[in-house]
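**Student:** Could you work out the structure for the sequence below:
(one chain, ligands or ions: 3)
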Amino acid sequence: MAVPGLLLGLVLPLVLLVDQSAGDVFRFASYIDDYMVLQKEPSGAVIWGYSTSLAEVVVTLTQQGKPVMKKTTYVRAYSDVWMVILDPMKAGGPYELTAQQTTVNMNSTLFVHDVLFGDVWLCSGQSNMEMTVSQIFNATAELYNTAAYQSVRILSLSLVQSGKELEDIAEIDLGWSTPSAENLGHGSFTYMSAVCWLFGRSLYDNLHYPIGLISSCWGGTPIEAWSSKRPLKTCGVPWMRMGSLEFVTGPREYSVLWNAMIYPLHKMTLKGVIWYQGESNQDFNRDLYNCTFPELIDDWRQTFHFGSQRQTHRLFPFGFVQLSSYETDRTSDEKFPEIRWHQTADFGYAPNIKMPNTFMAVAMDLGDRSSPFGSIHPRDKQTVAYRLLLGALAVGYGEKLLFQGPMPEKIQFMEHEGLLILTYTQQIQVITMDTRLFMVSCCDDYECSWIPVSILTSSVQTLTLDIHYCTGTPVAVRYAWTTWPCEYKSCPLYHPTSTLPAPPFTAVFDGQNPETQLLQIQL
Ligand SMILES: *[C@@H]1O[C@H](CO)[C@@H](O)[C@H](O)[C@H]1NC(C)=O
Ligand SMILES: *[C@@H]1O[C@H](CO)[C@@H](O)[C@H](O)[C@H]1NC(C)=O
Ligand SMILES: *[C@@H]1O[C@H](CO)[C@@H](O)[C@H](O)[C@H]1NC(C)=O
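**Tutor:** Ligands and ions are numbered 1, 2, ... in the order given. All right, here's what the predicted structure looks like:
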């Protein structure tokens, strides 16, 4: 009989405790803050936060003191999370956001001011995404003109890892801010990401409405750290800790950065993602990258789509930077070329059927031997951002413009003449007749070996390669298959007006069949 009394004695103080702390519990998700950009139409922005269970939460959007929208929600029993979806809003602002909580015995209100509606892009990857504006070429000039970009807002997450998926961001280095020379060029490899900033700034120059940029990246990290368990399982990634790696900074355990630096954003409505990663996989699960990367894209899309109650598009645009060049004394020169190829799911170009709605910035011609941060960190991020911009405008905004460099679509083998004719998808400009970058695999009865072949002639859309030196049977051709294929902006092949480089490729052809169709370019 003493038990109920004992229980009561225990329960009452608990209830009191909960009630006393109710006001503290009420808050927005930690990335919902002053100066933020919320995703504009056609999606609705998701607003969420924490509260006591059973509270009523009213979210009001006001402009110059006038309410323009009100959304009411109730926190379920045993839950402490509330969420509303705003009606789709046109680009613009500023607005204020208030959230009012009503419980049985207390009310409280939260305010967020200077909120804009526009497009929100998430930027992730390793150190080449992490490099700040102060580390790139022309840093002083790039930091000078921030006043014109007060509608481009930036947020940079801290380096945090976690063994399980976190609901909210644990730590933020730079809360939502307007850009300034101080917060853009804060230091080396801190905030703000130069690629992210330059990309967002150029989007703003083209779209003329607010852009929100979220930087969440960590140097020296492999793709497995940014993946949830699902893609790792799908791709059969062996379950083990890292062995010895050349890059020693950053956490490399599976899923830890997904858990702490990506998943907590999954309820947010986003426009798209850009990604610069892959260097750390040259010695780690490299052969799986053609699976882990496309699967990561699909997994992020799925998680963000459902996390935002379908407000973030299921196939949101996903742009990435193909690895640049760096100086290496390795004997094997195949690692970077293989990652570059695997970044495209072995198609050589993006988008492709395995990677719909993606776009790629080729960067192999932007090598920087004298970078003070090591040649693995080239300082020309402006060209990277420009090539990403073209892809984003085409794939993410439906503009009809050229955003891919020339790829061969057909290979003709003229056995008697000893020639190989490559027909490209677009016009080509031959900068140099460099003979080392095209190679043909020649096989005799025992083995095949790659030999360099020279460009004999070129026309508007075709190249003729001289393969006389191939004494056996030619079975494959490849282009730019080295870590450092060419000097700065001096690869052999570009598109003439867009100055987009021809991406590297490798293609097996049928030596018996004189003509091999290689690919269909989408878009
Ligand atoms: C909370 O607000 C509601 C409506 O504004 C009001 O009716 C109620 O009395 C308030 N409760 C407390 C405890 O202040
Ligand atoms: C990925 O590339 C490896 C070689 O690096 C190859 O063996 C494998 O079949 C490819 N997988 C896919 C899914 O294309
Ligand atoms: C740096 O500035 C110079 C002079 O304006 C310009 O020619 C050059 O292209 C810039 N470099 C980059 C990488 O943008």
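**Student:** Where does pLDDT dip in the stretch 251-400 of the chain?
**Tutor:** 331-332 (pLDDT under 70).
**Student:** Distance of the residue of it found nearest ligand 3 relative to Ala363?
**Tutor:** Here the stretch 251-400 of the chain gets closest to ligand 3 at one residue, Gln382, 3.7 Å apart by C-beta to the nearest ligand atom. To be clear about C-beta, it is placed using only N, CA and C from the backbone, and glycine gets the same treatment. Taking C-beta to C-beta, to the nearest Å as the measure, Gln382 falls 12 Å from Ala363.
**Student:** what about these two, which has more around it?
**Tutor:** Taking other C-beta atoms under 10 Å, Gln382 and Ala363 do not tie; Ala363 has more neighbours (23 against 17).
**Student:** Make sure I have this right: the more buried one is in a helix.
**Tutor:** No - under DSSP: H, G, I helix; E, B strand; the rest coil, Ala363 sits outside any helix and is assigned coil.
**Student:** thought it was touching Phe336?
**Tutor:** No - between Ala363 and Phe336 there is no contact, the gap being 11.0 Å when judged by C-beta atoms under 8 Å.
**Student:** The residue of the stretch 251-400 of the chain closest to ligand 3 and Val133 touch, don't they?
**Tutor:** No - using C-beta under 8 Å, Gln382 is not in contact with Val133, being 10.3 Å away.
**Student:** can you tell me which helix or strand Ile214 belongs to?
**Tutor:** strand 211-217 (DSSP states H and E).
**Student:** Any part of the helix or strand that that strand is followed by near ligand 2?
**Tutor:** Later in the chain than strand 211-217, the nearest helix or strand by DSSP H and E is helix 229-234. No - judged by C-beta under 6 Å from any ligand atom, helix 229-234 and ligand 2 are separated, with a smallest distance of 10.2 Å.
**Student:** Give me the buried positions along stretch 373-383.
**Tutor:** Residues of stretch 373-383 classed as buried: 373, 375-383 (neighbour count, 16 or more other C-beta atoms under 10 Å).
**Student:** how far does it stretch from start to finish?
**Tutor:** Start-to-end span of stretch 373-383 (C-alpha to C-alpha, to the nearest Å) is 18 Å.
**Student:** now that stretch, how far from the centre of its chain.
**Tutor:** Centre-to-centre, stretch 373-383 and its host chain are 17 Å apart (C-alpha atoms, centre = their mean, to the nearest Å).
**Student:** Likewise for stretch 62-78?
**Tutor:** 32 Å.
**Student:** what do you get for stretch 28-39?
**Tutor:** A distance of 21 Å separates the C-alpha centroid of stretch 28-39 from that of its chain, computed with C-alpha atoms, centre = their mean.
**Student:** try stretch 202-211
**Tutor:** Distance, stretch centre to chain centre, for stretch 202-211: 18 Å (C-alpha atoms, centre = their mean).
**Student:** Is there contact, residue-wise, from it to ligand 3?
**Tutor:** No - judged by C-beta under 6 Å from any ligand atom, stretch 202-211 and ligand 3 are separated, with a smallest distance of 11.8 Å.
**Student:** residue ranges of the helices in the stretch 251-400 of the chain, please?
**Tutor:** For the stretch 251-400 of the chain, the helices defined by DSSP state H, counting those that start in this stretch cover 256-257, 289-307, 335-342, 381-391.
**Student:** List the buried residues for stretch 172-190?
**Tutor:** Applying 16+ other C-beta under 10 Å to stretch 172-190 flags 172, 174, 176-177, 179-181, 183-186, 189-190 as buried.
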